[in-house]
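Enquirer: pasted the sequence and its predicted model underneath.
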Protein chains: 2
Amino acid sequence: MLDVVAVGNALVDVLASSTDDQVEALGLIKGTMALVDRDRAAAVYEVMGDTMEASGGSAANTVAGVAALGGRCAYIGRVADDLLGQSFLHDIRALGVAFDPPVVAEGEDAVTGHCLVLVTEDAQRTMVTHLGVAAELGPADLNDDHLIAAQVLYLEGYLWEQPPAKAAMRAAIDRAHETDGSVALSLSDPFCVQHHREEFLELLDGHVDLLFANEEEIVALVGARDFDAAAEAVADTGVLAALTRGSQGCLVVAPGGLVTVPAAPVGRVVDTTGAGDLFAAGFLYGITHGHGPELSGRLGALCAAEVISHVGARPLADLRKLAVAAGLLEA
Amino acid sequence: MLDVVAVGNALVDVLASSTDDQVEALGLIKGTMALVDRDRAAAVYEVMGDTMEASGGSAANTVAGVAALGGRCAYIGRVADDLLGQSFLHDIRALGVAFDPPVVAEGEDAVTGHCLVLVTEDAQRTMVTHLGVAAELGPADLNDDHLIAAQVLYLEGYLWEQPPAKAAMRAAIDRAHETDGSVALSLSDPFCVQHHREEFLELLDGHVDLLFANEEEIVALVGARDFDAAAEAVADTGVLAALTRGSQGCLVVAPGGLVTVPAAPVGRVVDTTGAGDLFAAGFLYGITHGHGPELSGRLGALCAAEVISHVGARPLADLRKLAVAAGLLEA
């Protein structure tokens, strides 16, 4: 039995401090993610400052967080047999997440996907991703045992950028529902929502049971004039939705009504990379362990607060211990 | 003209949160550095948790810090033509440190040195280093232009573990002195001091002008009963010495007498990796810019405080800006 199986783009993050001027000079839009080819990624890397490398990937960060809280997880994604791929594999397994068998692409040109993250002084992150072999993720890469065993199938919206991945997602959704699992989707990025709005809306009609989105993404998705109107529109779909609002905390749109959850305290916000991924981790741990929307939202807020207090998209502190200390989970 | 040229083991750090039990189970001595072969390093990596990779190397961290303060620096070390080596090269050059021509070893078995860093909950770090191609650093790798151009030649004590590196250090010391440069040595590690005590003592007799050591290292070097006695013994040598004492700040043994400098305030100590390296950075920037022992010590303390406030051995914040804000340097 698994709590969560996640499917995503397996990426290694390459993080560096940056400035607004540098982000602008590179023609990037602050706070968003751009998909680029290998040459463009190399050119951006060239002008970045001293970097730090750490395993990332949106859905992988989320299962890393669920596992850190004590959840049982599996991951499905594609890496190459290079140093970045070996590092990704090491890290996800070190967290106790099953990645079995790992999907490893061979060949000289096969490179593991990487995400260049420019962290500006306001702690915002701007991302430039070269997917590498992650771009070839397809239906054949799905691990059926994991799909059957998991309570929740978690999908990152980023996957909708790639046709073979989209086919894999649709197959995975059907398989999860056939076997009484539920399906969670993260909208990932406002541009991603703009590109795939019709499809995402169609997914909310019976294919997705739980939706994660931030304010900008949900407003873009439902085409509402503001956040409150967007929340109302989401409530009409009947889908459980966790809508994050940065320092304003989150709003959970649940069958029983709307639940507002404040943000958890954080000393200093250093790097918002992974905030949404880790919110989803806490929330997923909560709902897969019988907790209601409020406690699940608080767990999400706690995990997000930890990850934004340092550089990098994976937790550094012991999340389980933090949750126990905060009175959210029992020791 | 350069402020500092550093010679050191070029390493990439691989950092993970760890526990006292894990450090003990691996047969490691907390707070120290052990040199190991490739297989042993692979075995330690295997049991480490989710890791973060970042360029390191003691002397390289120091010039990274001097450069971040605005100093002109060069680095001499050996990397392989692999992903870690490319990353090391990128990072040091991104900081504006000259590494030219870089010493790159080719060949299938050539691997860039790496340092596995286990960070325990008390923020202490325990290190396991596989030197890879750094082990072959020798006199031929010295860049004579940089040795001639620099005010200070900075050497890490770790190099004394390798006979060819030792020969290179002696040649570099002679060259620096021939061209009116001064020579700084960091003692690096208490075990390193035990192994090479006689040679280090001999270096203090006319070969080294500036010594960096922490409490444990200096007591081991002079064979004193306590820190005060060690400081007295150092004063007798006439060498300028900056002796660090963790949260107690540092004592500068200067020709004019002893100067006590308090530690700089730090919110939460997260990871002490790089504390000594960055103290040396601030101190070196100070003395190469005409500042006295007290202001140089304060700059050292400021840089050390920044680096222990986060994971990793290189500064994340803009050190120059911090020093200006603290009133230590002019804008």
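Expert: Received the coordinates, thanks.
Enquirer: from residue B:111, how far off is the residue of chain A positioned farthest from its centre?
Expert: Residue farthest from the centre of chain A, counting by CA atoms, centre = their mean, is residue A:108 at 29.1 Å. Residue A:108 sits 19 Å away from residue B:111, going by CB to CB, to the nearest Å. Where C-beta positions appear, they are placed from N, C-alpha and C, glycine not excepted.
Enquirer: let's check: the centremost residue of chain A is which one?
Expert: For chain A, residue A:58 is the residue whose C-alpha lies nearest the centre (CA atoms, centre = their mean; 3.2 Å).
Enquirer: where's it relative to residue A:13, distance?
Expert: To residue A:13, residue A:58 is 11 Å away according to CB to CB.
Enquirer: residue A:303: what's it in contact with?
Expert: A:65, A:69, A:278-279, A:281-282, A:315, A:319 (CB atoms under 8 Å, 6 or more residues apart in numbering or on different chains).
Enquirer: and residue A:263, by the same measure?
Expert: Applying CB under 8 Å, 6+ apart to residue A:263 gives the contacts A:246-250, A:301, A:304-305.
Enquirer: nearest to chain B: which residue in the stretch 151-300 of chain A?
Expert: Relative to chain B, the nearest point of the stretch 151-300 of chain A is residue A:267 (6.5 Å; CB to the nearest CB).
Enquirer: excluding chain neighbours, what is closest to that residue?
Expert: Distances taken as CB to CB, 6 or more residues apart in numbering or on different chains place residue A:309 nearest to residue A:267, at 6.0 Å, with adjacent residues excluded.
Enquirer: which SS state does the one you found fall under?
Expert: Under DSSP: H, G, I helix; E, B strand; the rest coil, the three-state class of residue A:309 is coil.
Enquirer: count of neighbours near it?
Expert: 21 (other CB atoms under 10 Å in any protein chain shown).
Enquirer: so who does it touch?
Expert: A:266-270.
Enquirer: separation between it and residue A:246?
Expert: Separation of residue A:309 from residue A:246 (CB to CB): 14 Å.
Enquirer: go on, residue A:321?
Expert: From residue A:321 to residue A:246 the distance is 25 Å (CB to CB).
Enquirer: over to residue A:207?
Expert: Taking CB to CB as the measure, residue A:207 falls 28 Å from residue A:246.
Enquirer: coming back round to it: distance of the residue farthest from the centre of chain A relative to residue A:82?
Expert: Distance of residue A:108 to residue A:82, given as CB to CB: 10 Å.
Enquirer: residue A:125 contacts residue A:119, doesn't it?
Expert: Yes. Distance between residue A:125 and residue A:119: 5.3 Å, which falls inside the contact criterion (CB atoms under 8 Å).
Enquirer: those two: who's more crowded?
Expert: residue A:125 (25 against 22).
Enquirer: can you tell me the element the residue lying closest to the more buried one once chain neighbours are set aside falls in?
Expert: Distances taken as CB to CB, 6+ apart put residue A:273 closest to residue A:125, at 4.4 Å, once the chain neighbours are dropped. Secondary structure from DSSP states H and E places residue A:273 outside every helix and strand.
Enquirer: all good on my end, thank you.
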